[in-house]
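Visitor: structure for this input, please:
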Amino acid sequence: MNKLILAGGCFWCVEHDLRQAEGVMDVVSGYTGDKEGSPTYENHTGYREAVEISYDSEKTSFKKLVQFFLDHIDPTDTGGQFGDRGESYKTAVFFSSTEEKNTAEELLIELDQSHIYEKPHAVEVSPVGHFYKAEEYHQNYADKNPEHYAMYRTGSGREAFVNRTCAIREEKYIPWKEDKSNI
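Guide: Got it, this is the predicted structure:
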């Protein structure tokens with residue numbers, strides 16, 4: 001089982017979306033950053049809300065999961081994601097190897113060249129840092145609090161944005177390049 005850490009704004013939404021991706025075994029909401037500490041939801045300054053994905057490399061790949069992730073965020077937002085603003089909510093792909101770094105950077109170039117968005121991507125590609133599991137009430141939040149989650153996701157604008165992005169890909173027939181690697 002392989003692991004991948006992604007930051008895409010509200011970890012409730014990123015966790016919920018990635019649980020639906022093929023080959024994903026588990027998704028944990030948490031905080032990531034370069035410093036050691038004990039971040040909490042009330043105090044995670046200097047950390048990003050992120051998710052740690054455990055996946056079966058025989059059913060999916062790093063590349064496929066990053067592609068899925070990029071279609072479920074606003075990759076051009078420089079100030080956070082949807083209703084969540086600030087450094088803690090900025091997007092990033094965290095890599096564990098040179099191969100993962102290169103794959104993430106190539107996907108972002110491909111995304112920019114697709115012209116789905118009018119602005120260039122704002123997704124950072126950074127080495128994996130410390131990951132701290134968020135409080136238990138944040139884990140699997142969408143399933144535990146479906147009404148609140150649905151209102152948040154719709155009210156923040158994420159739901160409409162993701163639906164529009166997927167529709168644009170279909171209308172203009174802009175698929176991701178085929179994954180021929182194991183990464």
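Visitor: mind listing the strands for this structure?
Guide: For the chain, the strands defined by DSSP state E cover 2-8, 24-33, 48-55, 80-81, 84-85, 91-95, 124-127, 130-133.
Visitor: can you put the ones you listed in CSV and add mean pLDDT and mean neighbour count?
Guide: Where C-beta positions appear, they are placed from N, C-alpha and C, glycine not excepted. Shown next, in CSV, are the strands of the chain (pLDDT from 0 to 100; neighbours: other CB atoms under 10 Å):
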stretch, mean pLDDT, mean neighbour count
strand 2-8, 97, 24
strand 24-33, 96, 21
strand 48-55, 97, 24
strand 80-81, 95, 21
strand 84-85, 94, 16
strand 91-95, 98, 23
strand 124-127, 97, 15
strand 130-133, 94, 16
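Visitor: need those in CSV (columns: distance to residue 156).
Guide: Output for those, formatted as CSV (distance: least, CB to CB, whole Å):
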stretch, distance to residue 156
strand 2-8, 12
strand 24-33, 16
strand 48-55, 13
strand 80-81, 8
strand 84-85, 7
strand 91-95, 15
strand 124-127, 21
strand 130-133, 23
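Visitor: so the least confident helix or strand in the chain by mean pLDDT versus strand 2-8, what angle?
Guide: Least confident element among the helices and strands of the chain, by mean pLDDT, DSSP states H and E: helix 158-171 (a mean of 85). For helix 158-171 against strand 2-8, the angle by axes from the mean of the first three to the mean of the last three CA atoms, to 10 degrees is 110 degrees.
Visitor: residue 68 contacts residue 23, doesn't it?
Guide: No: with contact defined as CB atoms under 8 Å, residue 68 does not reach residue 23; the gap is 10.0 Å.
Visitor: between those two, which is the more surrounded one?
Guide: More neighbours surround residue 68 than the other of residue 68 and residue 23, with 19 against 16 (other CB atoms under 10 Å).
Visitor: the closest residue to that one other than its chain neighbours and residue 3, how far apart?
Guide: Spatial nearest neighbour of residue 68, excluding adjacent residues (CB to CB, 6 or more residues apart in numbering): residue 21 at 4.8 Å. Separation of residue 21 from residue 3 (CB to CB, to the nearest Å): 14 Å.
Visitor: ok, back up a step: which of the strands of the chain sits closest to residue 73?
Guide: strand 2-8 (4.2 Å; CB to CB).
Visitor: about what we covered before: nearest to residue 143, out of the strands of the chain?
Guide: Closest of these to residue 143 is strand 24-33, at 11.5 Å (criterion: CB to CB).
Visitor: keeping just the C-alphas, turn that closest one into PDB.
Guide: Provided in PDB are the C-alpha atoms of strand 24-33 (Å, rounded to 0.1, in the frame of the first residue of the first chain):
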ATOM      1  CA  VAL A  24      -8.100   4.200  -2.500                       C
ATOM      2  CA  MET A  25      -8.000   2.200   0.700                       C
ATOM      3  CA  ASP A  26      -8.200   5.000   3.200                       C
ATOM      4  CA  VAL A  27      -8.100   8.700   3.500                       C
ATOM      5  CA  VAL A  28      -7.200  10.500   6.700                       C
ATOM      6  CA  SER A  29      -7.800  14.300   7.300                       C
ATOM      7  CA  GLY A  30      -5.000  16.100   9.000                       C
ATOM      8  CA  TYR A  31      -2.400  18.900   8.900                       C
ATOM      9  CA  THR A  32       0.900  19.000   7.200                       C
ATOM     10  CA  GLY A  33       3.900  21.300   7.500                       C
END
